[in-house]
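Curious how this folds, go ahead:
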Amino acid sequence: MSGLSNNAHAADLVALEAYAARAGAAMACVYSSSAEFDAALIAERRAAGVYGPRRHRRHWLATVAGIAAGLTVIILLIV
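From the prediction side, this is the model:
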């Protein structure tokens, strides 16, 4: 009877190892490093608009407004 019990324990052990291997594979990360994960997270958040509008437009508009104001002053001084 004890021989049957050892076989059952061996089968349970093999099954447990197989479950552990599958669980480890299921928890595997698709990113090779934390830097890659952070970059993907930031890109996803930017796409979702978490960080707000890009500030390049604001700088560009300020530059255009400054040039327009400068040209207006020059034209007014000439006329």
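
Every contact and neighbour count from this point should use C-alpha atoms.
Noted.

how about low-confidence regions in the chain?
The chain contains residues with pLDDT under 70 at 1-4, 24-28, 53-55.

Check it and tell me which residue is nearest its centre.
In the chain, the centroid-proximal residue (Cα atoms, centre = their mean) is L41; its distance is 1.5 Å.

Quick check: which element contains that residue?
Taking DSSP states H and E as the definition, L41 sits inside helix 34-48.

Please state the offset of the next helix or strand along the chain from that helix from the chain centre?
Next in sequence after helix 34-48, counting helices and strands by DSSP H and E, comes helix 56-78. Centroid separation between helix 56-78 and its chain, computed with Cα atoms, centre = their mean, to the nearest Å, is 39 Å.

got the CA coordinates for helix 56-78 in PDB?
Extracted C-alpha coordinates of helix 56-78, given in PDB (Å, rounded to 0.1, in the frame of the first residue of the first chain):
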ATOM      1  CA  HIS A  56       5.300  73.800 -28.100                       C
ATOM      2  CA  ARG A  57       2.200  75.400 -29.500                       C
ATOM      3  CA  ARG A  58       2.200  78.000 -26.700                       C
ATOM      4  CA  HIS A  59       5.800  78.900 -27.400                       C
ATOM      5  CA  TRP A  60       5.100  79.000 -31.200                       C
ATOM      6  CA  LEU A  61       2.100  81.300 -30.700                       C
ATOM      7  CA  ALA A  62       4.100  83.600 -28.400                       C
ATOM      8  CA  THR A  63       6.900  83.800 -31.000                       C
ATOM      9  CA  VAL A  64       4.400  84.600 -33.800                       C
ATOM     10  CA  ALA A  65       2.700  87.200 -31.600                       C
ATOM     11  CA  GLY A  66       6.000  88.900 -30.800                       C
ATOM     12  CA  ILE A  67       7.000  89.000 -34.500                       C
ATOM     13  CA  ALA A  68       3.600  90.500 -35.400                       C
ATOM     14  CA  ALA A  69       3.900  93.100 -32.700                       C
ATOM     15  CA  GLY A  70       7.400  94.000 -33.800                       C
ATOM     16  CA  LEU A  71       6.300  94.300 -37.400                       C
ATOM     17  CA  THR A  72       3.400  96.500 -36.300                       C
ATOM     18  CA  VAL A  73       5.700  98.800 -34.400                       C
ATOM     19  CA  ILE A  74       8.200  99.000 -37.300                       C
ATOM     20  CA  ILE A  75       5.300  99.800 -39.800                       C
ATOM     21  CA  LEU A  76       3.900 102.500 -37.500                       C
ATOM     22  CA  LEU A  77       7.300 104.100 -37.100                       C
ATOM     23  CA  ILE A  78       7.900 104.100 -40.900                       C
END
